[in-house]
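1. Using only what follows, build the 3D model:
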Amino acid sequence: MIRAISLDVGWTLAYPRASMWDIFADLCTQAGIPTAPESCEQLVRSLWSAGAEHAEQRFHAGATYSDSDEEFAGMFGQVGGLVFAQMGVTEGHAELVQRFLQRFWNEDNWAIFPEVLETLAALRARGVRVGVLSNAPSNLPSFLDRLGITPYLDFAVVSAIEGVKKPDRRIFEATLSRAGAAPHETLHVGDMYLEDIVGGRAAGMNALLMERGKRALFPNFRESAGHGLDRSALVSGLAEVLEHLG
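-> Below you'll find the predicted structure:
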């Protein structure tokens, strides 16, 4: 019996109208290096995949994961610096990263998926406590307000506010406390294998991997690939979560 559900925000409840790859490619092009979004995506995904096994090993070995607004921006700074350098942009990386953040992490750039509000309402009508659990900066609550999601939530757990991020067990424990439910009574849904599935399961929660296809973080790659997940652990939209609950 599921009594509570926690939901990731990015690429689960909402998506950027201009993707990370669109913006990176446009900034490279403006800097004089014509670049396709797919090239940026391919580069980052290749590096991401190469480090995936080690990242999971670190997690199981007891790694902890702090977060803050500065760390959130710093993560994008590292990714941006790598993209710009690999694409051949030789200078001005810091300024380009700032321009990226202004365009990407901007309330006007984000929209909710069509089925979200109706499904959140349906979940709460069933008596399920609904909340968000997201690796995001401290201004995420204002994003949720603008997107119209806040009235449908019973709780919100934001990594930069908590000082810890997924897959760290502590942020899942904070979520369970806010939800007022035991781990086996709670379902977490998110779009990242390590952060959402491995982290959620390690905390004793049920977990579903959201794969949004062309609206995913990596639209040309399946997050589930190579992880041996059962098909029943995958969903492509929030309405499918209702079907999963039965």
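2. So which elements touch the longest helix belonging to the chain?
-> If you go by DSSP state H, the chain has its longest helix at helix 69-87. Applying 3 or more Cβ pairs under 8 Å, 6 or more residues apart in numbering; DSSP states H and E, one finds that helix 69-87 contacts helix 20-30, helix 37-50, helix 93-104, helix 159-162. Every C-beta, even on glycine, is put in place using the N, C-alpha and C of the backbone.
3. got a list of contacts for the helix or strand following the last one?
-> Later in the chain than helix 159-162, the nearest helix or strand by DSSP states H and E is helix 169-179. Applying Cβ atoms under 8 Å, 6 or more residues apart in numbering, the external contacts of helix 169-179 come out as 3-4, 6, 64, 129, 131, 133, 154-157, 159, 162, 164-166, 182-183, 186, 188, 199-200, 202-203, 205.
4. Mind giving me the ChimeraX select for those, buried ones only?
-> Remark: buried members of the contacts of helix 169-179, expressed as a ChimeraX selection using 16 or more other Cβ atoms under 10 Å:
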select :3,4,6,129,131,133,155,156,157,159,162,164,165,166,183,186,188,199,200,202,203,205
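5. So which of the contacts of helix 169-179 are in helices?
-> Reading helices off the contacts of helix 169-179 with DSSP H, I get Ser159, Glu162, Gly199, Gly200, Ala202.
6. Now the first one. Nearest residue, chain neighbours left out?
-> For Ser159, the nearest residue in space outside its immediate sequence neighbours is Lys165; the separation is 3.7 Å by Cβ to Cβ, 6 or more residues apart in numbering.
7. ok, the one you found - contacts?
-> Lys165 makes contacts with Tyr65, Ser66, Asp67, Asn135, Ser159, Ile171, Glu195, as judged by Cβ under 8 Å, 6+ apart.
8. And the buried ones among the residues you listed, selectable in PyMOL?
-> Remark: buried members of the contacts of Lys165, expressed as a PyMOL selection using 16+ other Cβ under 10 Å:
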select buried, resi 65+67+135+159+171+195
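9. can you name the two of the contacts of Lys165 that are farthest apart?
-> Using Cβ to Cβ, those reach their maximum pairwise distance at Ser66 and Glu195, which is 14.1 Å.
10. picking up where we left off before, between the helices and strands packed on helix 69-87, which gets nearest to Asp230?
-> Between the helices and strands packed on helix 69-87, helix 37-50 lies closest to Asp230; by Cβ to Cβ that is 21.1 Å.
11. elements contacting the closest one?
-> Helix 37-50 sits against helix 20-30, helix 69-87, with contacts defined as 3+ Cβ pairs under 8 Å, 6+ apart.
12. Could you say which of the ones you listed is packed most deeply?
-> Most buried of the helices and strands packed on helix 37-50 by mean neighbour count (mean count of other Cβ atoms under 10 Å) is helix 20-30; its value is a mean of 20.
13. Between helix 93-104 and the longest helix of the chain, find me the angle.
-> Here the directions of helix 69-87 and helix 93-104 differ by 110 degrees (axes from the mean of the first three to the mean of the last three Cα atoms, to 10 degrees).
14. Also compute the angle for helix 69-87 relative to helix 37-50, please.
-> Compare the direction of helix 69-87 with that of helix 37-50 by the same axes, to 10 degrees and you get 110 degrees.
15. CA atoms only for helix 69-87, dumped as CSV, please.
-> Taking C-alpha atoms only, helix 69-87 is exported to CSV below (Å, rounded to 0.1, in the frame of the first residue of the first chain):
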residue,chain,number,x,y,z
ASP,A,69,23.4,27.0,-4.6
GLU,A,70,27.1,27.5,-5.2
GLU,A,71,27.6,23.8,-5.8
PHE,A,72,24.6,23.6,-8.2
ALA,A,73,26.1,26.5,-10.3
GLY,A,74,29.6,24.9,-10.0
MET,A,75,28.3,21.7,-11.4
PHE,A,76,27.1,23.4,-14.5
GLY,A,77,30.3,25.4,-14.6
GLN,A,78,32.3,22.2,-14.9
VAL,A,79,30.0,20.8,-17.6
GLY,A,80,30.0,24.1,-19.5
GLY,A,81,33.7,24.5,-19.3
LEU,A,82,34.2,21.0,-20.7
VAL,A,83,31.7,21.5,-23.5
PHE,A,84,33.1,24.8,-24.6
ALA,A,85,36.7,23.5,-24.5
GLN,A,86,35.9,20.3,-26.4
MET,A,87,34.0,22.1,-29.0
